[in-house]
Structure formats: C-alpha cells, structure tokens
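S.K.: I would like the atomic coordinates for the input below:
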Amino acid sequence: MKNYEHSITVKVTPKRIFNALTKEMSNWWTEMTASVDKIGDKTTAKFEDGTTWSFEVITLEANKTLELFCYQADHIHPVTTPEMRTEWENTTLRFEIIDKGKHTDVHFTHVGLTPEVNCYDICHSGWDHFFGAAFKSYLQKQIA
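M.R.: Reported below is the predicted structural model:
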C-alpha cells in the first residue's frame, strides 16, 4: 500500500536542511543519541515515554538525500498494542532535498509506514506534527 509521504517548501539552502537532518534532529524531533555523517552511522531516537527507534544510515548524499533504516523499535504509547511496539523495524525514513533556487523542497517518505500498519494513524499524526510543522518551523526560525 501507499507509504506515508509529506513535502514542505522552505526558503533555506539545501545545506542548511541537510545539517538539520544529520546533526540537529534533537532540536525539532526528539533526543537523538548521535549525529550522522556517513553511511553506517547509527543513532537512536529517544522519547520521554520510553519509546526508542534505532536507525542506521543507508544512504547519505550531502545536501540531497538521507535514508535512515530502522533496525530496532520499541514504540511505547498510551494506546500501543503489543503488535505496534516493533512495527517500525525494517522501515526507512527517506528525506529528499530538492534545490529550487529561491526555495528548497523537502520530500519525506516513511517507507513501510502504510495504512495496514497498526500505528499508522498515530504515526501519521506524529509525522504531520514533527516533520510538517516542527521541522519547517525550526528551519524558518533559523533565517529570521
């Protein structure tokens, strides 16, 4: 089925966006255990509720593409079912940065997050907030 996708447009450089994705995720998503600089680097997203998602960089093209493969997931949420806890495992976060000159588009796909997945509604809302709103706002504040 169709993966979760969302695009934003911002008036910042591709380099600025790439840095926000590889070095500053803790500033707009959640606490990350490490920044990522090269293929094979690993980092874990840690949430206050105990949720953790561990990622490995599988694609990294400076100022253009970042793909993070989720190799470990422990999704804890007030409405999480046992099936939901590991649903992010073997999914990929793909960020594509497209330079349009005066602005830059960022296309995000969570490959594997489809309507058939139990956590789809929760995660869809979460990504709309964190990527669609918080990330965009974070980037725009940097230029103000």
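
S.K.: what ranges do the helices span in this protein?
M.R.: 14-22, 25-28, 120-127, 136-143 (DSSP state H).

S.K.: quick one: contacts of the first one?
M.R.: If you take CB atoms under 8 Å, 6 or more residues apart in numbering as the criterion, helix 14-22 is touched by 10, 27-28, 35-37, 60, 62-64, 66, 95, 97-99, 104, 106, 135, 138-139, 142. The C-beta positions use only the backbone N, C-alpha and C, and glycine is treated the same way.

S.K.: again, only this time at 7 Å
M.R.: 28, 35-37, 62-64, 66, 95, 97, 99, 104, 106, 138-139, 142 (CB atoms under 7 Å, 6 or more residues apart in numbering).

S.K.: which of these count as buried?
M.R.: Trp28, Val36, Leu66, Phe95, Ile97, Thr104, Val106, Tyr138, Leu139 (16 or more other CB atoms under 10 Å).

S.K.: of all the contacts of helix 14-22, which two lie farthest apart?
M.R.: Ser35 and Asp99 (22.3 Å; CB to CB).

S.K.: still on that earlier bit, out of the buried ones among the contacts of helix 14-22, which is nearest to His129?
M.R.: Trp28 (10.4 Å).

S.K.: now the nearest residue to that closest one once chain neighbours are set aside: how far from Thr51?
M.R.: Leaving out its chain neighbours, the residue that sits closest to Trp28 by CB to CB, 6 or more residues apart in numbering is Tyr138, at 4.0 Å. For Tyr138, the distance to Thr51 equals 21 Å [CB to CB, to the nearest Å].
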